[in-house]
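**Student:** Predicted model, plus sequence, below.
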Amino acid sequence: MGAADHREKAGRAAVTLGIVTVSDTRTPETDENGLWLRETFGALGHVIAGYRIVKDAPDQVAAVLDEMVSLPNMQIVLFNGGTGIAPRDTTYDVIARKLEKTLSGFGELFRMLSYQQVGAAAMLSRATAGVYRGKLIISTPGSPKAVKLAVEALILPELNHLAWEIAREA
């Protein structure tokens, strides 16, 4: 069975998502990414089961990751922010240690697409994705352009397929 067959089997049902913005400065009123993500997925009929803003501190990122995957019916958790290489950027490190299966292609494709927008600076991104406790975790940079690129080019085209794959039996 090929990818097209899998997409057809996955259907178009609502997917339950969690959204986490990792930022030391954003608030619910200034979180442009959180607002855009909730509006975009909500307009498509998907369910936002949880939304949080946390500081880029390893204990806070780990705690919100565990909280999100524990929410009823959660399928996919989207993190934005904290994926760079500055000393304060720890989101990737926390998430990468917890992933049970990695989706290497997500980060590779994101950096390839990002290169078309920002050039060689794309190599600074540590965007990643994988499975943790049976949920898909996706982590992108926190710039609004990066979030939109990841969602529009990579996540939305495969959203139902991704949710279906992590939940299906062998």
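**Tutor:** In hand now; what should we look at? Small disclaimer: the values here were computed from a predicted structure and weren't measured.
**Student:** where does the nearest residue in space to residue 50 that is not next to it in sequence land in three-state SS?
**Tutor:** Closest residue to residue 50 in three dimensions, ignoring its sequence neighbours and counting by CB to CB, 6 or more residues apart in numbering: residue 18, at 4.1 Å. No exception for glycine: its C-beta is placed from N, CA and C like everyone else's. Secondary structure, DSSP: H, G, I helix; E, B strand; the rest coil: residue 18 is strand.
**Student:** Residue 18: what's it in contact with?
**Tutor:** Neighbouring residues of residue 18 by CB atoms under 8 Å, 6 or more residues apart in numbering: 48, 49, 50, 51, 52, 68, 71, 74, 76, 77, 78.
**Student:** Read off the pLDDT value for it.
**Tutor:** What the model reports for residue 18 is a pLDDT of 98.
**Student:** Contact partners for the residue lying closest to residue 140 once chain neighbours are set aside?
**Tutor:** Of all residues beyond its chain neighbours, the one nearest residue 140 is residue 150 (4.4 Å), with distances taken as CB to CB, 6+ apart. With contact set as CB under 8 Å, 6+ apart, residue 150 has these partners: 110, 127, 138, 140.
**Student:** mind listing what whichever helix or strand residue 129 is part of pairs with, with the direction of each?
**Tutor:** Element membership of residue 129 [criterion: DSSP states H and E] is strand 128-132. Counting by DSSP bridges, the strands paired with strand 128-132 are strand 101-102 (antiparallel), strand 135-140 (antiparallel).
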